[in-house]
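>>> give the three-dimensional model of this entry:
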Amino acid sequence: MEFAYRPELWQPLFDMVALAAVTLTGLLSVALSINLRTVVDSPAHLGRAREAFIALTVLLTVAIFVLIPEQGRVPLGIELIVLSLLVWVLSLRLQARTVRQLPQRRRRAWIGRLIGFDSATLGITLAGIGLVTGRLGGFLWLLPTILICLVWSTYNAWSLTIDAVDRHRDKSP
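Reported below is the predicted structural model:
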């Protein structure tokens with residue numbers, strides 16, 4: 001499984017990941033600007049927007065790290081570990097704020113859904129450790145991270161757009 005530890009073999013995949021992340025970020029920005037008032041008025045919508053932007057920014061950052069020419073696996077692994085720690089701190093802080101702002105009856109369900117989202121960050125941590133040690137599967141841990149972040153961001157963007165339109169329609173005379 002030597003391929004799991006060779007950054008140059010993964011660069012074509014991360015070219016695509018970077019393009020997808022940038023494209024989805026642009027679409028999300030447009031959707032949010034159209035429905036901005038509705039999104040910022042709801043802690044759940046604002047939390048979803050933050051999650052989507054964080055996930056896409058994380059994917060873009062990972063792709064940039066992987067695409068650095070001739071970077072060895074150990075420096076890349078260290079970058080991924082540091083990135084994952086920063087993402088953990090930022091995400092948990094923002095998630096706690098969102099949970100505190102939600103009505104009591106919605107908090108448990110919201111926390112449950114975050115387990116899936118936070119597992120993407122765990123994948124980055126494990127990939128970094130794997131690249132540094134040459135064990136654990138290296139880049140293979142980033143595959144679930146990519147899928148989770150792309151699906152999560154797309155779902156959140158769709159939910160924000162549809163929920164915002166539905167809320168606006170419900171308020172119309």
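
>>> going by C-alpha atoms from here, please, whenever you check contacts or count neighbours.
Noted.

>>> quick one, phi psi at residue 67?
Taking degrees, to the nearest 10, you get phi -80, psi 0 for the backbone angles of residue 67.

>>> what sits closest to it if chain neighbours are left out?
residue 11 (5.8 Å; Cα to Cα, 6 or more residues apart in numbering).

>>> flag every buried residue along the helix or strand hosting residue 124.
Remark: residue 124 resides in helix 104-133, with elements defined by DSSP states H and E. For helix 104-133, a neighbour-count test (16 or more other Cα atoms under 10 Å) marks 110, 117-118, 120-132 as buried.

>>> stretch 75-94 too?
76-81, 83-85, 87-88, 91.

>>> now stretch 151-160
For stretch 151-160, using 16+ other Cα under 10 Å, the buried residues are 152-154, 156-157, 160.

>>> tell me which element the closest residue to residue 120 other than its chain neighbours is part of?
Leaving aside its sequence neighbours, residue 120 sits nearest to residue 145 (Cα to Cα, 6+ apart; 4.3 Å). Using DSSP H and E, residue 145 maps to helix 142-171.

>>> in the chain, which ranges drop under the pLDDT threshold?
Along the chain, segments meeting pLDDT under 70 span 163-173.

>>> which residue is nearest the middle of it?
The centre of the chain sits closest to residue 55, judged by Cα atoms, centre = their mean, with a distance of 1.5 Å.

>>> contact partners for the closest residue to that residue other than its chain neighbours?
If you skip the residues right next to it in sequence, residue 55 has residue 149 as its closest partner in space, 5.2 Å away by Cα to Cα, 6+ apart. Going by Cα atoms under 8 Å, 6 or more residues apart in numbering, residue 149 touches 52, 55-56, 59, 117, 120.

>>> tabulate these (a markdown table), appending distance to residue 67.
As requested, the contacts of residue 149 are exported to a markdown table (distance: Cα to Cα, whole Å):
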| residue | distance to residue 67 |
| --- | --- |
| 52 | 22 |
| 55 | 18 |
| 56 | 16 |
| 59 | 12 |
| 117 | 24 |
| 120 | 20 |
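
>>> just those residues now: which is nearest residue 15?
Of all those, residue 15 sits closest to residue 59, with 10.9 Å by Cα to Cα.

>>> and that closest one, what does it touch?
For residue 59, the contact set (Cα under 8 Å, 6+ apart) comprises 17-18, 21, 146, 149.
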